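Peer 1: Whatever this is, show me its structure:
(2 chains)
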Amino acid sequence: MSLFSALSVSASGMAAERTRAELLTENLANAETTRTPAGGPYRRKDAVFVSTPVSSEFSSVFTSQFETQQQGVIVGEVTVDSRDPEMRYLPGHPDANAAGYVAFPRVNPAEDMVDLMSTSRNYQANVAAISTVKNMIQRSLDILR
Amino acid sequence: MLDPLATNLERYMDLLSARQKLVVSNIANADTPGYRTRDIDFQTELRTAIDPTHPLVSEVAGLKTKNDGNNVSIDRESRLLAENDIRFSIASNLMRSRLKTLRMSIEEGRSG
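Peer 2: From the prediction side, this is the model:
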């Protein structure tokens, strides 16, 4: 029975939340981007999390059925918003179409900010979990001191 | 290993670790669509004599489900995280003093 796999679970949570935070900040930075290498305006991205069994290097050596209880998390896929871009009438703009409309990304900064805050809180929760589990491991070692 | 008290403490700490692992999984999956909060019935597990490293894991009832089917409450998990930590601390301190007593009697016997 080892608590070390709990550390891997929290670490997977931190990695996933960090990926989401990166995508959200990318969305915010590109809220007004009308030109991308792929053509057209920027499209909003988001991460979809999938829970996955986690096993540390040690636990794979030890026989442990209870690893099935341990559900880590990975970024399953990055979704790209497929909604039509927002058309704004800006005739002087270099990316305007024949009718004078420019395609802008459908990014709602408020939505992304709220998601970013929740991501940050979840990241903190994972950090707190790591430090608590670390304390527990340390205390088990102190029993023999 | 040593006496009934130490064995019970060991069981208690094993169960606390098992629960802490579930809490940590729940926190890591706080944003996973469709994930359901999992926990063990601590009191029941403690009373039954089965192996504490393989407790019965069940879904937690009565939690609010979000739009994506996820029902992890970070507040609940934070509370459990702290609670398990404190309980574990108490148990490990008791275990430590138990071993200290044993060691002391060995060492006193040697010097005398």
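Peer 1: Now do residue A:50: how many residues are near it, please.
Peer 2: Neighbour count for residue A:50, taken as other Cβ atoms under 10 Å in any protein chain shown: 18. (C-beta placed from N, C-alpha, C; glycine too.)
Peer 1: With adjacent residues omitted, what lies nearest to the closest residue to chain B within chain A?
Peer 2: Of all residues in chain A, residue A:13 sits closest to chain B, at 3.1 Å by Cβ to the nearest Cβ. Spatial nearest neighbour of residue A:13, chain neighbours left out: residue B:28 (3.1 Å); criterion: Cβ to Cβ, 6 or more residues apart in numbering or on different chains.
Peer 1: got the contact list for the one you found?
Peer 2: Applying Cβ atoms under 8 Å, 6 or more residues apart in numbering or on different chains, we find residue B:28 in contact with A:9-10, A:12-13, A:16, A:71-73, A:126, A:129.
Peer 1: Helices - which of the residues you listed land there?
Peer 2: If you go by DSSP state H, those have A:9-10, A:12-13, A:16, A:126, A:129 in helices.
Peer 1: Throw the residues you listed into TSV and include pLDDT, distance to residue A:39 and neighbour count, thanks.
Peer 2: Output for the ones in helices among the contacts of residue B:28, formatted as TSV (pLDDT from 0 to 100; distance: Cβ to Cβ, whole Å; neighbours: other Cβ atoms under 10 Å in any protein chain shown):
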residue	pLDDT	distance to residue A:39	neighbour count
A:9	91	41	31
A:10	93	40	26
A:12	93	35	24
A:13	94	36	31
A:16	95	30	29
A:126	95	38	25
A:129	95	43	27
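Peer 1: Show me which pair in those is furthest apart.
Peer 2: Using Cβ to Cβ, the ones in helices among the contacts of residue B:28 reach their maximum pairwise distance at A:16 and A:129, which is 13.6 Å.
Peer 1: Assign a three-state SS to the residue of chain A positioned farthest from its centre, would you?
Peer 2: In chain A, the residue that sits farthest from the middle, by Cα atoms, centre = their mean, is residue A:145; the gap is 40.9 Å. Using DSSP: H, G, I helix; E, B strand; the rest coil, the secondary structure recorded for residue A:145 is coil.
Peer 1: Would you point out which residue is most central in chain A?
Peer 2: Using Cα atoms, centre = their mean, the most central residue of chain A is residue A:20, at 2.0 Å.
Peer 1: if I read this right, that one contacts residue A:45, doesn't it?
Peer 2: No - Residue A:20 lies out of contact with residue A:45 (Cβ atoms under 8 Å); the separation is 9.7 Å.
Peer 1: Checking the residue nearest to the centre of chain A next. Helix, strand or coil?
Peer 2: helix.
Peer 1: Not counting sequence-adjacent ones, nearest residue to it?
Peer 2: residue A:47 (4.3 Å).
Peer 1: So what's the residue count around that neighbour?
Peer 2: Residue A:47: 23 neighbours (other Cβ under 10 Å).
Peer 1: Residue A:108 now?
Peer 2: Residue A:108: 12 surrounding residues under other Cβ under 10 Å.
Peer 1: Check residue A:54 too.
Peer 2: 24.
Peer 1: what sits against it?
Peer 2: Residues in contact with residue A:54 (Cβ under 8 Å, 6+ apart) are A:5, A:8-9, A:12, A:67, A:70-72.
Peer 1: between those residues, which is nearest residue B:95?
Peer 2: The nearest member of these to residue B:95, counting by Cβ to Cβ, is residue A:5 at 22.2 Å.
Peer 1: so that closest one makes contact with residue A:70?
Peer 2: Yes - the pair residue A:5 / residue A:70 is scored as a contact, 5.3 Å apart, by Cβ under 8 Å.
Peer 1: For the closest residue to residue A:132 other than its chain neighbours, the count of nearby residues, please.
Peer 2: Once flanking residues are discounted, residue A:132 sits nearest to residue B:85: 4.8 Å by Cβ to Cβ, 6+ apart. Using other Cβ under 10 Å, residue B:85 is surrounded by 19 other residues.
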